[in-house]
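Visitor: would you be able to build a 3D model of this:
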Amino acid sequence: MVTNQRLSTIEYLAIDHCWTYNELISIMSYTPQLRRLYLFNAFDFHRNIQTILPITLSKLTDISIPMNYLKFYEFEIIIRRIDAKLKVLRVTVQSQDLTFLNVYRWEK
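Guide: I've put the predicted structure just below:
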């Protein structure tokens, strides 16, 4: 469990290596002041997506995230699990799932 003594005041974080969702959540749980998060490498995604726990980051407004080789519904679940007041969402997609191009899915 995270304690106040271990919390970081980091507001801007860039990660340039492969990561898992669980690692990302762990890092974010220690950085409640995080405003901008930039991820540059592939998401090492585990396929048991329904077990992903939500996280609240009330100050996070800007995220850049690569979603390589994911299906759109997996991306939706991940984004919905991150409770934040995003103003900027940058997504890099390398997927054969054409749903990423469906404007109506993005409107949801």
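Visitor: mind listing the strands for the protein?
Guide: Chain-ordered strands for the chain, with DSSP state E as the definition, fall at 12-15, 19-20, 36-39, 43-44, 55-56, 62-68, 82-83, 88-94.
Visitor: state the mean pLDDT of the first one.
Guide: Just to be clear, that refers to strand 12-15. Per-residue pLDDT values across strand 12-15 average out to 93.
Visitor: from residue 69, how far out is the closest residue to residue 14 other than its chain neighbours?
Guide: Using CB to CB, 6 or more residues apart in numbering and skipping residues adjacent in sequence, the residue nearest residue 14 is residue 38, 4.2 Å away. C-beta: built from backbone N, CA, C; applies to glycine. Note on residue 38: its distance to residue 69, by CB to CB, to the nearest Å, is 20 Å.
Visitor: turn the strands of the chain into JSON lines, columns for mean neighbour count and distance to residue 107.
Guide: As requested, those are exported to JSON lines (neighbours: other CB atoms under 10 Å; distance: least, CB to CB, whole Å):
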{"stretch": "strand 12-15", "mean neighbour count": "13", "distance to residue 107": "29"}
{"stretch": "strand 19-20", "mean neighbour count": "15", "distance to residue 107": "29"}
{"stretch": "strand 36-39", "mean neighbour count": "19", "distance to residue 107": "24"}
{"stretch": "strand 43-44", "mean neighbour count": "17", "distance to residue 107": "23"}
{"stretch": "strand 55-56", "mean neighbour count": "14", "distance to residue 107": "24"}
{"stretch": "strand 62-68", "mean neighbour count": "17", "distance to residue 107": "18"}
{"stretch": "strand 82-83", "mean neighbour count": "16", "distance to residue 107": "19"}
{"stretch": "strand 88-94", "mean neighbour count": "12", "distance to residue 107": "13"}
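Visitor: now residue 37. Nearest residue, chain neighbours left out?
Guide: For residue 37, the nearest residue in space outside its immediate sequence neighbours is residue 63; the separation is 4.9 Å by CB to CB, 6+ apart.
Visitor: all the helices of this structure, residue numbers only.
Guide: Remark: helices assigned in the chain by DSSP state H are 21-29, 72-81, 103-107.
Visitor: can you list those in JSON lines and add distance to residue 56 and mean pLDDT?
Guide: Putting these into JSON lines (distance: least, CB to CB, whole Å; pLDDT from 0 to 100) gives the following:
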{"stretch": "helix 21-29", "distance to residue 56": "10", "mean pLDDT": "82"}
{"stretch": "helix 72-81", "distance to residue 56": "10", "mean pLDDT": "80"}
{"stretch": "helix 103-107", "distance to residue 56": "23", "mean pLDDT": "74"}
